[in-house]
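S.K.: Build me a model from this:
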Amino acid sequence: MLFVIYYLDKCDVTACCVKLTQATFALVRRTCDRKWGLRPITVLWLYIREIRPFIFYGALVWWPKVTYKITKIKLGRIQRMACLAITGAMKSTPTASMEMLLNLTPPDLLIMAEAKMALYRLHILKQPADP
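M.R.: Modelled structure (predicted):
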């Protein structure tokens, strides 16, 4: 039991998640280009429905890591890759402007919101039912 606690304390969960997500999205990105492949709306759907839940899984456990600057940068890279693939914009386009065009919220804010909602659900379930 102590080994598991020590391992979870030393393991960088966000780094593992970011590596897997970048590899997954790199496969998706290879299937789309400006002139051939998946349509931008399909890539947006894949990002929102497949990649994001993969990142947010277990956010209740590791959400304090999101407050670190390095984690925000790593999560921002994933969202930037998605924005570039969806819009087909140049690499020099600012991430914030692409997020605004696609109506995407920064991932660190979404993870904190997911964790707060999960805590709220757990708090409600813990309360006794009214007679």
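S.K.: ok, the residue nearest to residue 26 when sequence neighbours are not counted to residue 52 distance?
M.R.: Ranked by C-beta to C-beta, 6 or more residues apart in numbering and with sequence neighbours excluded, the top spatial neighbour of residue 26 is residue 81, at 7.8 Å. Backbone N, C-alpha and C define where each C-beta goes, glycine included. Applying C-beta to C-beta, to the nearest Å, the value for residue 81 to residue 52 is 13 Å.
S.K.: same deal with residue 45?
M.R.: Distance check for residue 45 against residue 52: by C-beta to C-beta, it reads 11 Å.
S.K.: These two - which one has more neighbours?
M.R.: Summary of the neighbour comparison: residue 45 and residue 52, criterion other C-beta atoms under 10 Å, with residue 52 having more neighbours (20 against 13).
S.K.: Just the pLDDT at the residue nearest to residue 26, thanks.
M.R.: The predicted local confidence for residue 81 comes out at a pLDDT of 87.
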